[in-house]
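In: please find the sequence and the predicted model below.
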Amino acid sequence: MIAQKREGSRKRRTRLRLFSLTLLLSCIILLNLPLYPSLVIRESASNHLVWNSRITSEQTFGLRWTHSIHRSAIEELYRIEDEQIILTEMSFHDYGIGMENDLAPGEELVVRDGLFRILHMNRIFPALHLFTGQVRANHTLLFAGTDIPLSSLVKPGTAITIQVEKRSILREIGGY
C-alpha cells in the first residue's frame with residue numbers, strides 16, 4: 001500500500017516536471033518567435049542595434065542629406081513591401097555630378113518649382129548601406145512625421161545598415 005502511494009506520488013511529480021518543462025520551453029519559443037516587422041538601423045561593423053520602430057506593410061520613410069559637391073538637399077522616399085525597401089521617389093535642387101542621370105523604364109523626371117523629382121521609381125533593396133556624413137551631409141531619417149538626424153544615433157562616419165527585420169517580443173524588450 002505504501003509502495004503504491006510512493007509510486008503514484010513519483011508519477012505525479014514526473015508529470016508535473018514534464019508539464020513545467022514543456023510550459024517553460026513553450027514560453028521561450030513564443031518569446032523568440034519573430035512576429036513584429038520593424039525598420040531597424042544597425043552599426044554595420046558590430047551589428048549593434050541603434051534604432052528600431054515597428055512598421056506596417058506599405059509604410060513609407062525617407063532619407064535626406066546634403067550633397068557634398070553642390071551642397072543642396074537630396075531627399076529619397078522609400079516604401080516597405082514584403083520585408084524589402086523600395087525606392088519610389090527622389091528629389092533634388094541641382095542636377096550635377098553624382099546625381100541620378102539614367103531613368104529606368106517607367107520612371108519620370110519632373111521639374112517643378114525649381115525642384116527635380118524622379119517619380120514612379122521601383123528600385124528594390126534588401127537593405128540600405130551607408131556611411132553617415134562627417135562634414136556636411138547631415139543624413140536624416142524621415143519617419144512617421146519625425147526628422148531623426150543619424151548623427152544623434154551614431155558617430156558621424158559610421159557605416160550603418162537600414163533594413164526590415166521581424167523582431168520577437170524578447171528582442172523588443174531586450175533591445176538587441
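Out: Structure's in. What do you need?
In: so what's residue 142 closest to, chain neighbours aside?
Out: The shortest distance from residue 142 to any non-neighbouring residue, by C-beta to C-beta, 6 or more residues apart in numbering, is to residue 62 (3.6 Å). In this view, the C-beta of every residue, glycine as well, is placed from N, C-alpha and C.
In: did I read that right, the one you found in a helix?
Out: No. Counting by DSSP: H, G, I helix; E, B strand; the rest coil, residue 62 is not part of a helix but strand.
In: measure it to residue 75 for me?
Out: Separation of residue 62 from residue 75 (C-beta to C-beta, to the nearest Å): 6 Å.
In: which residues do those two both contact?
Out: Taking C-beta atoms under 8 Å, 6 or more residues apart in numbering as the criterion, residue 62 and residue 75 both touch residue 142.
In: for this structure, which segments count as strands?
Out: Remark: strands assigned in the chain by DSSP state E are 36-43, 49-54, 60-66, 73-81, 84-92, 108-112, 115-119, 123-125, 127-131, 140-143, 146-149, 159-167.
In: neighbouring strands for the shortest one, and are they parallel or not?
Out: Partners of strand 123-125 in the sheet, by DSSP bridges, are strand 84-92 (antiparallel).
In: could you list the low-pLDDT ranges of the protein?
Out: 1-5, 26-34, 96-101, 168-176 (pLDDT under 70).
In: recalculate using a threshold of 80.
Out: The chain contains residues with pLDDT under 80 at 1-11, 18-35, 57, 68-70, 94-101, 135-136, 167-176.
In: break it down into its structural domains.
Out: Domain assignment for the chain by automatic domain parsing gives 1-32, 36-174.
In: now these in JSON lines, with mean neighbour count?
Out: Output for the domains of the chain, formatted as JSON lines (neighbours: other C-beta atoms under 10 Å):
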{"stretch": "domain 1-32", "mean neighbour count": "10"}
{"stretch": "domain 36-174", "mean neighbour count": "15"}
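In: how about residue 153: what's its closest non-neighbour residue?
Out: Spatial nearest neighbour of residue 153, chain neighbours left out: residue 50 (4.6 Å); criterion: C-beta to C-beta, 6+ apart.
In: quickly list what residue 118 is bridged to.
Out: In this structure, residue 118 bridges to residue 90, residue 109 when assessed by DSSP bridges.
In: wait, isn't it in contact with residue 109?
Out: Yes. The pair residue 118 / residue 109 is scored as a contact, 5.6 Å apart, by C-beta atoms under 8 Å.
In: overlap in contacts, the two.
Out: residue 103.
In: can you pull the contacts of the residue nearest to residue 158 when sequence neighbours are not counted?
Out: The shortest distance from residue 158 to any non-neighbouring residue, by C-beta to C-beta, 6+ apart, is to residue 132 (5.3 Å). Neighbour list for residue 132: 139, 150-151, 154-158, 160 [criterion: C-beta under 8 Å, 6+ apart].
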